[in-house]
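Participant: Turn this into a model:
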Amino acid sequence: MADTVNNNIILQFLSEHKRLGLFNILSTLLILAFGLLVAFYFKADIYVLLAIVSLIYVFFLLHYPKIWLYSLAIMTAVFFHSHSEGLTILDTLSAAFFVGSIALWFINHTLLKRQKTAYNLGDWLILAFFFFLILNVFVAFFNNGELMLWLREYLMFSIILIYFPIRDVIKSENDLKKFLIFYCFIVMGSGIYQIFLYTQVNALAVYAYELNHGININQTLYTTASIFGFVFTLYQIRKKNEILTLLFTSMAIISLIATFSRTFWITLIAVYFILFMFFSFGKKIKIISYFLLIIGTFVLVVYMMIGDNLFLFVQIVASRFTSSADGAKDLSVIARLLEWEQVLRQIMLHPLAGVGLGKKFSFYFVITGNTAHTNVIHNAYLFIIYRVGFPLVIFYFSFLVFYTVKAYNNLLLALKSNSQFYKALAISNLTSILTFFVVNFTSSQLFYRDGLFITAFLASFIYLNEKFLSFTFKIGVA
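Facilitator: Numbering: from 1, shown residues only. I've put the predicted structure just below:
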């Protein structure tokens with residue numbers, strides 16, 4: 001009898017709860033409809049619509065974080081291909097989406113749920129860096145910097161903190177695999193668009209030199225994708241998956257070639273050569289066959305892109321590549337050295353606090369024969385020291401070094417396991433982050449859009465690789 005009464009009470013409660021939930025939904029819809037009508041009347045509908053969309057998105061972020069994660073992946077494809085001067089509407093919306101997501105996660109995770117945020121020294125280092133970086137606004141102000149540019153760089157740079165919610169949302173090996181597969185499609189889409197842009201820019205080319213107009217964006221994205229794709233191809237068990245990952249790798253490499261960025265070409269070739277030296281004889285044979293297939297795919301895709309200009313394209317790529325052997329005689333190398341020399345002078349004048357984020361500088365650009373006035377420095381290490389000074393730089397690079405060491409330890413642990421996935425992930429993580437250190441000598445990938453996300457992704461993958469590997473060893477299934 002008592003059980004029956006209790007069951008009736010529970011059923012009654014659930015029924016009332018459902019009615020209450022339905023009432024809340026209907027009342028919320030009525031309020032939103034009224035708000036839209038008022039907005040249309042006062043011609044402010046776009047703002048209300050943005051507010052409604054934002055509220056819906058916040059709901060999904062808090063209650064369905066995986067939807068947020070996949071929407072984040074989709075938004076990066078748009079974000080990577082949009083570049084503009086100043087603080088535009090796109091920059092504002094991007095800040096609201098990416099930085100807003102980070103802020104909401106910290107509020108929900110730390111303040112509301114009262115859960116632990118920093119799990120290791122690397123987490124504390126990056127949090128401390130961005131906390132103290134706020135004080136850099138005063139440095140920029142006293143050095144006559146533009147505060148809007150300071151804000152833009154701070155918001156852009158802080159995208160690296162997306163590492164925290166990504167790490168939190170991906171809770172299992174299956175989650176990580178699904179996200180990696182999904183992001184492969186995002187990279188493929190970006191690559192196809194990159195190749196399309198190249199064909200548009202070079203549609204009327206007749207001579208070889210006219211094809212030398214690369215789309216110089218997303219180099220870090222395609223280099224990292226080429227490394228991940230190639231390594232994962234070697235560790236596929238099923239033939240179908242092997243073919244698919246090889247096609248993905250081919251597309252990533254072709255997209256990278258379309259950037260005409262020699263540093264990334266050379267670095268990727270060096271990575272492949274090193275991997276070739278360390279792999280077993282069986283995998284060496286596979287690598288050779290893969291490269292033949294990639295070359296065939298490359299020729300086919302380029303022919304579909306530019307038809308009879310195929311030979312001219314190969315000629316200009318070869319010329320671009322071999323010109324790297326000129327070393328210090330290369331005009332672009334001379335330009336970089338002159339640029340770095342000027343930046344070093346400025347660093348020596350402001351070694352402790354830098355000059356502030358967003359601060360521009362001038363140098364003689366030997367290629368055009370004019371003085372360049374820019375806020376872009378083609379060396380990430382000089383770039384960040386020039387902006388924030390040596391003390392803060394120690395925090396940031398200690399974070400990168402911390403995760404590099406973790407990546408190395410993960411590789412040692414993964415090699416002891418039977419998991420092909422963890423082996424591939426560990427090798428990809430370590431080689432990618434080491435590559436990141438190299439390419440930043442001639443570009444500022446730490447401040448570029450794809451570079452920021454790749455940094456966050458790598459830190460997340462390294463952390464998760466360690467977490468899942470440790471778990472498998474504890475339960476004895478590795």
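Participant: And for the helix or strand harbouring Thr245, what's in contact with it?
Facilitator: Using DSSP states H and E, Thr245 maps to helix 239-257. Residues outside helix 239-257 that contact it (Cβ atoms under 8 Å, 6 or more residues apart in numbering) are 184, 187-188, 190-192, 194-195, 218-219, 222-223, 225-226, 229-230, 232-233, 236, 264-265, 268, 290, 293-294, 297-298, 301-302, 317. C-beta: built from backbone N, CA, C; applies to glycine.
Participant: Tell me the secondary structure at Tyr119.
Facilitator: Secondary structure state of Tyr119, per DSSP: H, G, I helix; E, B strand; the rest coil, is coil.
Participant: Skip the chain neighbours and tell me the closest residue to it.
Facilitator: Among residues not flanking Tyr119 along the chain, Tyr463 sits closest, at 7.8 Å (Cβ to Cβ, 6 or more residues apart in numbering).
Participant: Quick one: distance of the helix or strand where the one you found lies to the chain centre.
Facilitator: Tyr463 is part of helix 449-475, with elements assigned from DSSP H and E. Distance, stretch centre to chain centre, for helix 449-475: 14 Å (Cα atoms, centre = their mean, to the nearest Å).
Participant: Counting by contacts, list what that helix packs against.
Facilitator: helix 65-80, helix 147-157, helix 163-169, helix 173-201, helix 219-234, helix 390-414, helix 420-439 (3 or more Cβ pairs under 8 Å, 6 or more residues apart in numbering; DSSP states H and E).
Participant: That one vs helix 173-201, what angle?
Facilitator: 160 degrees (axes from the mean of the first three to the mean of the last three Cα atoms, to 10 degrees).
Participant: got any ranges where the protein has weak pLDDT?
Facilitator: 1-54, 56, 82-95, 201-215, 305-331, 363-372, 473-478 (pLDDT under 70).
Participant: Now do the domain split for it, please.
Facilitator: As assigned by automatic domain parsing, the chain contains the domains 170-329+389-475, 332-374.
Participant: which of those sits most buried?
Facilitator: Most buried of these by mean neighbour count (mean count of other Cβ atoms under 10 Å) is domain 170-329+389-475; its value is a mean of 18.
Participant: ok, so what distance separates the residue nearest to Phe468 when sequence neighbours are not counted from Lys467?
Facilitator: Leaving aside its chain neighbours, Phe468 sits nearest to Glu173 (5.2 Å; criterion: Cβ to Cβ, 6+ apart). Distance of Glu173 to Lys467, given as Cβ to Cβ, to the nearest Å: 10 Å.
Participant: and Leu352, which of the three is it?
Facilitator: On the three-state scheme (three-state DSSP), Leu352 is labelled coil.
Participant: Hmm, I typed the wrong one, I wanted His373.
Facilitator: strand.
Participant: Just grab the bridge partners of it for me.
Facilitator: Beta-bridge partners of His373, counted by DSSP bridges, are Ser362.
Participant: For it, give me its contacts.
Facilitator: His373 sits next to Lys360, Phe361, Ser362 when contact means Cβ under 8 Å, 6+ apart.
Participant: how much space between it and Phe230?
Facilitator: Taking Cβ to Cβ, one finds His373 at 40 Å from Phe230.
Participant: Could you do Ser255 as well?
Facilitator: Per Cβ to Cβ, Ser255 is found 14 Å from Phe230.
Participant: Same question for Ile266.
Facilitator: Ile266 sits 16 Å away from Phe230, going by Cβ to Cβ.
Participant: ok, now Arg336?
Facilitator: In terms of Cβ to Cβ, Arg336 sits 29 Å off from Phe230.
Participant: how about CSV for the domains of the chain, with distance to Gln115 added?
Facilitator: Output for the domains of the chain, formatted as CSV (distance: least, Cβ to Cβ, whole Å):
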stretch, distance to Gln115
domain 170-329+389-475, 13
domain 332-374, 31
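Participant: Ok, which of those comes nearest Ala380?
Facilitator: domain 170-329+389-475 (3.6 Å; Cβ to Cβ).
Participant: That closest one: how far from the chain's middle?
Facilitator: The answer for domain 170-329+389-475 is 12 Å, by Cα atoms, centre = their mean.
Participant: repeat for stretch 156-172
Facilitator: Worked out by Cα atoms, centre = their mean, stretch 156-172 lies 11 Å from the chain centre.
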